[in-house]
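> Any chance you could fold what I've pasted below:
(4 chains)
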Protein chains: 2
Amino acid sequence: MATRRSAQEGGGETPFRMHGDLLTTTLLAFLRNWNAYGYQLAQQLAEAGLPAFDSGTVYRTLRQLERTGLVSSFWDTSESGPARRMYSLTKAGDLFLSSCIDVLGRYQAVLQKTIEGLSPEPGGDDDDQPQPPRHRARG
Amino acid sequence: MATRRSAQEGGGETPFRMHGDLLTTTLLAFLRNWNAYGYQLAQQLAEAGLPAFDSGTVYRTLRQLERTGLVSSFWDTSESGPARRMYSLTKAGDLFLSSCIDVLGRYQAVLQKTIEGLSPEPGGDDDDQPQPPRHRARG
DNA sequence: GCTGCTATGTGTAAAGTACACCTAGTGGCG
DNA sequence: CGCCACTAGGTGTACTTTACACATAGCAGC
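The predicted structure is shown next:
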């Protein structure tokens, strides 16, 4: 489904995706607990309450992840129907997942601190008084 | 720093950026509390403990944000030195920021649940027994 | 054979990004 | 003044990422 353009009426259109690397991280996270194939992962993603992703993007991302050695795959023909490419996380992928989650956590921390730590106090200043930590006030 | 290419020597370097839309969100968050100009935002980003961004990317992102109406800007020549383009968050930008943070929170929730809720139990199954919620088991 | 669903993949245009490089104001030094 | 360093904003370009549309293929029902 078209995740981009259109989107949340309130800020108008969304010029960007807000997804992307998050897809990678989420895919890796899913694969940490069980092996899965693309189609399955795409549906899990949709069920997880996250913005929908294009299936082509999911497949391409998985192949890219395999090229970089973060996941490995094999064809599973044990069940009837089209063959499935089963993916599993490699050790490198697991380590990378950890670093992704770490980075994501840092972003969240910064956002939390920025947003919640300085919520618009009704009896405070105007709007730009609390200057950010300037590096110099030369001038 | 070159965040991309080269990549996974054990999860070390990152083959992708893991940033990007996060930059947008962080920039918007910074601007929610005070007006600022590009150079300043770039330095705040670096000081926030987040992976470094190219300053060109920061400037371009800000201009794009302005084109889409999420921030507005004006030239500030009140101080000596090169003129600064001061940015401030618009109402649309504030709404969009909220949706970004919401989405980010959902990702974190999914990641948390996936990672922590199913840590590798030492006395459990093999590795892929706990099947994800399959949609059908046809066959 | 045809249609529908599962499952994987590609072509392509648009958008995003890193790196290298450029312009310009101010102040210090000689 | 010329030159450099620092601040501040910006562009050119190659490369990557992505959504959308479309293609392939196995199996099931008719």
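
> contacting residues for the residue lying closest to residue A:48 once chain neighbours are set aside?
The spatial neighbour of residue A:48 that comes closest, neighbours along the chain excluded (CB to CB, 6 or more residues apart in numbering or on different chains), is residue B:110 at 4.7 Å. Placement of C-beta: from N, CA and C, glycine included. Contact analysis of residue B:110 by CB atoms under 8 Å, 6 or more residues apart in numbering or on different chains lists A:26, A:29, A:48-50.

> Please identify the helix or strand for residue B:110.
helix B:91-116 (DSSP states H and E).

> Mind giving me the PyMOL select for the contacts of residue B:110, buried ones only?
Command for PyMOL that selects the buried part of the contacts of residue B:110, burial taken from 16 or more other CB atoms under 10 Å in any protein chain shown:
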select buried, chain A and resi 26+29+48+50
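
> and the least confident of the contacts of residue B:110?
Lowest pLDDT among the contacts of residue B:110: residue A:49, with 85.

> Next, the buried residues of stretch A:90-106.
For stretch A:90-106, the neighbour count (16+ other CB under 10 Å) marks A:90, A:92-93, A:95-97, A:99-101, A:103-104 as buried.

> The worst-scoring helix or strand of chain A on mean pLDDT and DNA strand D, are they touching?
Here the helix or strand of chain A ranked lowest by mean pLDDT, DSSP states H and E is helix A:91-116, holding a mean of 90. No: Helix A:91-116 is not in contact with DNA strand D by CB under 7 Å from any atom of the strand; minimum separation 12.7 Å.

> pLDDT score for residue A:30?
As predicted, residue A:30 sits at a pLDDT of 96.

> Check the contact between it and residue A:36; I expect there is one.
Yes: look at residue A:30 against residue A:36 with CB atoms under 8 Å: they come within range, at 6.3 Å.

> Check whether the helix or strand hosting residue A:26 comes near DNA strand D.
Using DSSP H and E, residue A:26 sits within helix A:21-33. Yes: against DNA strand D, helix A:21-33 shows contacts by CB under 7 Å from any atom of the strand at A:21, A:23-24.

> Just the closest of the residues you listed to residue A:60, please.
Lowest distance from residue A:60 to the residues of helix A:21-33 next to DNA strand D (CB to CB) belongs to residue A:23, with 10.2 Å.

> residues near that closest one, how many?
22 (other CB atoms under 10 Å in any protein chain shown).

> Wait, it touches residue A:55, no?
No: applying CB under 8 Å, one finds residue A:23 not in contact with residue A:55, separated by 11.6 Å.

> returning to that earlier point: please list which of the residues of helix A:21-33 next to DNA strand D also come close to chain B.
With CB under 8 Å from any CB of the partner chain as the criterion, the residues of helix A:21-33 next to DNA strand D include A:21, A:24 near chain B.
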